[in-house]
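Undergrad: Predicted structure and sequence below. I'll ask about it afterward.
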Amino acid sequence: MVDARVHRKLEALIEYCTTHGFGLLLTNGRHSIERLLEKEYNKDFENALIDGLNEQGGRTIFFNEFKKIQETHHGQWIEFLAIVLKNNLGLYPFPFKLTKKNNYSKFREVIIKATNNK
């Protein structure tokens with residue numbers, strides 16, 4: 001639900017559903033997107049990730065740097081996913097990279113906005 005590559009696919013699905021009058025339920029089989037949007041998380045973990053992304057005018061964080069930040073701030077994976085969604089970050093898990101840029105505005109506009117309006 002947080003993978004930027006999935007967002008790209010969801011944008012096509014959103015367009016199809018909108019065109020054909022279908023609804024859309026986003027879940028990983030166990031959790032809905034609401035759980036991530038409502039998740040409390042360590043603000044120091046969030047700030048360290050954002051600071052890392054803002055260095056040198058904006059850059060990409062790769063796995064080794066992420067693991068250092070995660071370990072330093074005792075961040076949990078679920079917290080990380082919530083931070084990615086709440087800050088509209090671009091996450092590419094395989095191979096891991098985290099960026100400030102998430103180009104999939106329709107995902108955010110339709111899914112996140114609809115979830116927040118419930």
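TA: Now that the structure is in, tell me what you want to look at.
Undergrad: Helices of this structure, residue ranges please.
TA: Secondary structure of the chain by DSSP state H: the helices cover 4-20, 33-38, 43-54, 63-72, 77-86, 105-107, 113-116.
Undergrad: Nearest to Leu26, out of those helices?
TA: helix 33-38 (5.2 Å; C-beta to C-beta). Yep, even glycine has a C-beta here, placed from its N, CA and C like the rest.
Undergrad: could you say what helices and strands that closest one packs with?
TA: If you count contacts as 3 or more C-beta pairs under 8 Å, 6 or more residues apart in numbering; DSSP states H and E, helix 33-38 packs onto helix 77-86, helix 113-116.
Undergrad: quick one: low-confidence parts of this protein?
TA: Along the chain, the model assigns pLDDT under 70 to residues 31, 113-118.
Undergrad: sorry, back to before: would you turn the helices of the chain into CSV with mean neighbour count and distance to Phe94?
TA: What follows is these, written out as CSV (neighbours: other C-beta atoms under 10 Å; distance: least, C-beta to C-beta, whole Å):
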stretch, mean neighbour count, distance to Phe94
helix 4-20, 14, 9
helix 33-38, 16, 19
helix 43-54, 15, 19
helix 63-72, 14, 10
helix 77-86, 18, 14
helix 105-107, 16, 19
helix 113-116, 12, 25
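Undergrad: For the residue of the chain most remote from its centre, give its distance to Ile14.
TA: Largest separation from the mean C-alpha position in the chain: His20, at 27.1 Å (C-alpha atoms, centre = their mean). For His20, the distance to Ile14 equals 11 Å [C-beta to C-beta, to the nearest Å].
Undergrad: ok, Asn102 - how many residues close by?
TA: A count of nearby residues for Asn102, using other C-beta atoms under 10 Å, gives 18.
Undergrad: so what's it closest to, chain neighbours aside?
TA: Distance criterion C-beta to C-beta, 6 or more residues apart in numbering; nearest residue to Asn102, sequence neighbours excluded, is Gly90 at 4.3 Å.
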